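Colleague: generate a structure from the sequence data that follows.
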Amino acid sequence: MATENTPLVATSAANGARYAATSPSSSTPPRPFPARVASFLKADGQPSWIQSYKWYIFSSYFNVLLVFVPLSAIAHHLQWDVALRFGFSFFAIMPLAKLLGESTDQMSASLGQTLAGLLNASFGNAVEIIVGIAALLQDEIRIVQTSMLGSILSNILLVLGCSFLAAGYERNESLFQVTAAQASSSLMTLACITLVIPAAYQSTLDADKSNTKGLLIISRGTAIVLLLVYCAYLYFQVRRRRLVSQRESEEAEEAPKMSVVAAAVSLLLVTVVTSFCADYLVASIEEFAERYHVPKAFIGLILLPIVANAAEHVTSVWMAMKDQMELTITISVGSSIVPNRGFVVPLLVVVGWISGHELTLFFANFETIILFVSVLLVNTLIQDGKSNYMEGLMLVSLYFVISLACKFFLPVVVCDWRR
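Modeller: Just a heads-up that it's a prediction; the model follows:
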């Protein structure tokens, strides 16, 4: 009970004790660096290593195809029939592409917006980059060029068409934002322009002449410009994601299934394994094409993109069936055009420049035309912000016609600017 002798302010000892209890400087002293490293590796507060890899390996029946990874290595080193070598490597890359995407997504879920954006930019198209570099270093210029174009056609025709068909099976009509569709249309137009310019330059020369130096300068200069534009695009996307996350902060985020360290280790290991499988695949293309009379253009334009983008194909169709059409458009159109034309293609041109391989952005008239008509059809169908199964059927039909043309008529189309 307070009396007249009770001080108005608590004693200094009491104040000191209260300050010591609330002061951050009095908290537990920082742990030694080895202890912090051990805690980080143990993934305290995150899924354990066993939980992470159990989900990583057994979360999808698609991973059953991982059995082809050791088979591809055995077939390559024992020099089995080229059909087995090509087929095993072909199917081995499919689950590896999915695992690369899973590792990237799990690391992005635990990192900030900036690091997540950079991570997706670096590893979001890892399979295309690995296969492209492997083919480039083996001087398979034709495979590199056609796989560039084939990846775009596969996404905007096959993936988007199958997604529209799947959505049309669930409902009569699906809606998506017109603004996002218009942005994707602009990106596709830019991709088409960057492909047409070298072809237009070559067409202005005499039929019996070819300016190799001019094509190389145009292609390498365009590659540098596109890489700079892509860096600006990444910055734009990071800022946009921050704004969206501030506006939609009330939405609950899905808990990560893997720890950051486990995801990083899996990303590194799968990238190394994918590089070996890609090397086995590219090494078998020449013999496979000659023995079974399959045009290299068909392999690069149709087969390789399906392998590299198999996981994205499944994801896009699944999102369309769940009526998440904006995400479907982003996966099949936006995410295919910008990284492919803005990052993968110029990166391969620069790698060829450094390694002494004369890779250019010049394509034959046939390839330029099929890209133009594909972009024209996709722009026409997505401008109204609506989709149905008939539009999906149109896109898939065009992709099938292009596949037939590549299989039976493309061998007579010569795209040799070095003659």
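Colleague: got the contact list for residue 175?
Modeller: Contact analysis of residue 175 by Cβ atoms under 8 Å, 6 or more residues apart in numbering lists 325, 385-386. Where you see a C-beta, it was placed from the backbone N, CA and C, and this is true even at glycine.
Colleague: apply 6 Å and report the result again.
Modeller: Contacts of residue 175 were listed using Cβ atoms under 6 Å, 6 or more residues apart in numbering, and they are residue 386.
Colleague: so residue 349 lies in a helix, does it not?
Modeller: Yes: counting by DSSP: H, G, I helix; E, B strand; the rest coil, residue 349 is part of a helix.
Colleague: host element of the closest residue to it other than its chain neighbours?
Modeller: Using Cβ to Cβ, 6 or more residues apart in numbering and skipping the chain neighbours, the partner closest in space to residue 349 is residue 223 (4.0 Å). Per DSSP states H and E, residue 223 falls inside helix 212-247.
Colleague: can you name the element that comes right after that helix?
Modeller: Later in the chain than helix 212-247, the nearest helix or strand by DSSP H and E is helix 260-291.
Colleague: so which bits of stretch 349-363 are buried?
Modeller: By neighbour count on 16 or more other Cβ atoms under 10 Å, the buried set for stretch 349-363 is 349-353, 357-363.
Colleague: and which of the residues you listed is nearest residue 320?
Modeller: Ranked by distance to residue 320 (Cβ to Cβ), the buried residues of stretch 349-363 are led by residue 363 at 30.3 Å.
Colleague: so how far is residue 136 from that closest one?
Modeller: Separation of residue 363 from residue 136 (Cβ to Cβ, to the nearest Å): 16 Å.
Colleague: which one of the buried residues of stretch 349-363 is nearest to residue 78?
Modeller: Nearest member of the buried residues of stretch 349-363 to residue 78, counting by Cβ to Cβ, is residue 357, at 29.8 Å.
Colleague: and the pLDDT at that closest one?
Modeller: pLDDT, residue 357: 86.
Colleague: now do the contacts for it.
Modeller: Counted by Cβ under 6 Å, 6+ apart, residue 357 has contacts residue 136.
Colleague: how does it look with 10 Å?
Modeller: Neighbouring residues of residue 357 by Cβ atoms under 10 Å, 6 or more residues apart in numbering: 135-141, 144, 348-349, 351.
Colleague: what's the most distant pair in these?
Modeller: 138 and 349 (16.7 Å).
Colleague: and residue 169, how many neighbours does it have?
Modeller: Applying other Cβ atoms under 10 Å, we find 11 residues neighbouring residue 169.
Colleague: report the separation between it and residue 374.
Modeller: The spacing between residue 169 and residue 374, counted by Cβ to Cβ, is 23 Å.
Colleague: what's the answer for residue 127, then?
Modeller: From residue 127 across to residue 374, the span is 22 Å (Cβ to Cβ).
Colleague: same question for residue 126.
Modeller: Counting by Cβ to Cβ, the gap from residue 126 to residue 374 is 25 Å.
Colleague: now do the contacts for residue 373.
Modeller: Residues counted as contacts of residue 373 (Cβ under 10 Å, 6+ apart) are 398, 401-402.
Colleague: show me those that map onto strands.
Modeller: Per DSSP state E, strands hold no members of the contacts of residue 373.
Colleague: considering these, which possesses the most neighbours?
Modeller: Ranked by the number of neighbours (other Cβ under 10 Å), those place residue 402 first, at 23 neighbours.
Colleague: I figured that one was touching residue 372, is that so?
Modeller: No: counting by Cβ atoms under 10 Å, residue 402 sits too far from residue 372 to count as a contact (12.0 Å).
Colleague: how about residues contacting stretch 64-73?
Modeller: With Cβ under 10 Å, 6+ apart as the test, stretch 64-73 has contacts from 57, 75, 80, 84-96, 98-99, 270, 273-274, 276-277, 280-281, 284, 310.
Colleague: show the buried residues in those.
Modeller: Buried among these (16+ other Cβ under 10 Å): 75, 84-96, 98-99, 270, 273-274, 276-277, 280-281, 284, 310.
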